[in-house]
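1. Using only what follows, build the 3D model:
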Amino acid sequence: PSKGTFSVVAVAYDPAIQKLFVDMGADVAILAANAADGATVQFCENRAELSAIYAGEQTCVAPFVARVTGGQINIERCMNFGEISVKNTQGKDAAIGGIAGFVNDDATINVDKCANRAPITVDGGRSNIGGIVGQTSVGSTGTVANINLCCNTGDIDYYNEAGERAAGIIGYIKGGEINYCYNTGNIKAYSDSGDTPSRSGYGKNFGIFGYANLTTGSSVNVVGCFNATADPLEAEICVIRNAKFGFFDNFVMEGRSE
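-> Presented below is the predicted three-dimensional model:
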């Protein structure tokens, strides 16, 4: 666990670390559970599996940074090859990402040239899941995620979902930008253990990001993103409320006739 400012550059994978398993409700990461203003993570790679079981309050799970607690942090040129699996036994909230998990109120995360290549499996709970970032906080217009030149190729499976959503890049975004990112991982959400696709309200599975509820103080710009999942999704790119407060341009979808 790390709280405060730190810099991590070029951490090599240790093959002796095959799996990190945590049976608790907490922020869980291979590298840093918490990061605050000025923290940087660069040129890192993870191949260890990350597995967590929780029953308490919100849990944040990601290989590199589980939670951005405040200020601004940067993650650059990092890659995850380690499978992520999370199980919730009480239907509680979670933020789960292939690179980073959750961004607190009024905090900023900048993610550049990062990739998730591993599957993410979540069983139960009210989770926002993203191949790159799980979610930003919904409570403040000053909460920002800037995600540029990133990709997800890992499949995301969300079983026994009790709410929220899964997406190739970020599950929920309050403000910021997503530029020149792509997703090829299949995104599937089920209301049970795999027989019944979950389809309700604004949907549960998305190509680029799950949902943005925009206002005059929380704009999202999304440019040049590409989705090529094998199966159609409930929303191929995203769902946006009050889209007039954002800018959205130049999307590409592969393998769709509609």
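2. Any stretches of this protein with poor pLDDT?
-> Residue ranges of the chain with pLDDT under 70: 1-25, 200-202, 257-258.
3. again, 50 this time
-> For the chain, applying pLDDT under 50 flags the ranges 1-2.
4. which stretches of it form helices?
-> In order along the chain, the chain carries no helices (DSSP state H).
5. Give me the neighbour count for the residue nearest to residue 166 when sequence neighbours are not counted.
-> Distances taken as C-beta to C-beta, 6 or more residues apart in numbering put residue 129 closest to residue 166, at 4.1 Å, once the chain neighbours are dropped. Every C-beta, even on glycine, is put in place using the N, C-alpha and C of the backbone. When neighbours are counted by other C-beta atoms under 10 Å, residue 129 registers 37.
6. what's across from residue 129 in the sheet?
-> residue 96, residue 166 (DSSP bridges).
7. which residues sit in contact with it?
-> For residue 129, the contact set (C-beta atoms under 8 Å, 6 or more residues apart in numbering) comprises 95, 96, 97, 120, 122, 156, 158, 164, 165, 166, 167, 171.
8. would JSON lines of the residues you listed with neighbour count and distance to residue 142 be doable?
-> Formatted as JSON lines, the contacts of residue 129 follow (neighbours: other C-beta atoms under 10 Å; distance: C-beta to C-beta, whole Å):
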{"residue": "95", "neighbour count": "29", "distance to residue 142": "18"}
{"residue": "96", "neighbour count": "33", "distance to residue 142": "23"}
{"residue": "97", "neighbour count": "34", "distance to residue 142": "20"}
{"residue": "120", "neighbour count": "30", "distance to residue 142": "28"}
{"residue": "122", "neighbour count": "27", "distance to residue 142": "28"}
{"residue": "156", "neighbour count": "28", "distance to residue 142": "28"}
{"residue": "158", "neighbour count": "27", "distance to residue 142": "29"}
{"residue": "164", "neighbour count": "23", "distance to residue 142": "22"}
{"residue": "165", "neighbour count": "30", "distance to residue 142": "22"}
{"residue": "166", "neighbour count": "29", "distance to residue 142": "25"}
{"residue": "167", "neighbour count": "35", "distance to residue 142": "22"}
{"residue": "171", "neighbour count": "30", "distance to residue 142": "19"}
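9. Which one of those is nearest to residue 248?
-> For those, the residue nearest residue 248 by C-beta to C-beta is residue 167; the value is 14.9 Å.
10. In TSV: the contacts of residue 129, plus distance to residue 43.
-> Formatted as TSV, the contacts of residue 129 follow (distance: C-beta to C-beta, whole Å):
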residue	distance to residue 43
95	24
96	23
97	19
120	22
122	28
156	25
158	30
164	32
165	31
166	28
167	26
171	26
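11. Can you tell me which of those is nearest residue 89?
-> The closest of those, once distances to residue 89 are taken by C-beta to C-beta, is residue 122, at 12.6 Å.
12. surely the closest one meets residue 86?
-> Yes - the pair residue 122 and residue 86 qualifies as a contact (C-beta atoms under 8 Å) at a distance of 4.9 Å.
13. Residues that sit against both of the two, list them.
-> 94, 96.
14. between the contacts of residue 129, which is closest to residue 48?
-> Taking the contacts of residue 129 together and measuring to residue 48 by C-beta to C-beta, the closest member is residue 120, at 14.4 Å.
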